[in-house]
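[1] missing the sequence, but the structure's below:
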């Protein structure tokens, strides 16, 4: 057997061991956990609000916009971190580019603020 195939065999063995460990852990947990089903445990519970009759209810688009804005500004932090690490290598060019990036995001924040998207109802 060549070294190439031996390396892949090692990966397959580790993957099989990982799957066996995960499956065994889940099976053992299922066997030893207590099971006391009640109707109260199967009720829908969301953000501290009592369940409403029926499974379908409309929710306001404002919550989705708020989450989308959070993700957008969270991604901003992901882009700022590598810039901060290589700040000396990029010098003034990197600083100007990052200031333009932050300015564009600030414009988006001002727009959302003026449209009252950030108001939590």
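    All right, it came through fine. Keep in mind it's a predicted model, so treat the numbers as computed, not measured.
[2] Give me the below-cutoff pLDDT ranges for the protein.
    Low-confidence segments of the chain, defined by pLDDT under 70, span residues 45-57, 121.
[3] Which parts of it are helices?
    Taking DSSP state H, the helices of the chain run over residues 3-32, 61-85, 87-114.
[4] With distance to residue 43 and mean neighbour count added, can I get those in JSON lines?
    In short, each C-beta sits where N, CA and C put it, glycine included. Compiled in JSON lines, the helices of the chain are given as follows (distance: least, CB to CB, whole Å; neighbours: other CB atoms under 10 Å):
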{"stretch": "helix 3-32", "distance to residue 43": "23", "mean neighbour count": "9"}
{"stretch": "helix 61-85", "distance to residue 43": "21", "mean neighbour count": "11"}
{"stretch": "helix 87-114", "distance to residue 43": "35", "mean neighbour count": "11"}
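[5] quick one: which of those helices is nearest residue 38?
    Of all these, helix 3-32 sits nearest to residue 38, with 18.7 Å by CB to CB.
[6] export the helices of the chain to TSV and tack on distance to residue 44?
    As requested, the helices of the chain are exported to TSV (distance: least, CB to CB, whole Å):
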stretch	distance to residue 44
helix 3-32	24
helix 61-85	17
helix 87-114	30
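[7] For residue 120, find the nearest of the ones you listed.
    Between residue 120 and the helices of the chain, the shortest separation by CB to CB is 7.1 Å, and it involves helix 61-85.
[8] now the angle between helix 87-114 and the closest one, please.
    With axes from the mean of the first three to the mean of the last three CA atoms, to 10 degrees as the basis, helix 61-85 and helix 87-114 are set at 160 degrees to each other.
[9] contacts for helix 61-85?
    Contact partners of helix 61-85, identified using CB atoms under 8 Å, 6 or more residues apart in numbering, comprise 90, 94, 98, 101-102, 105, 108-109, 112, 117-121.
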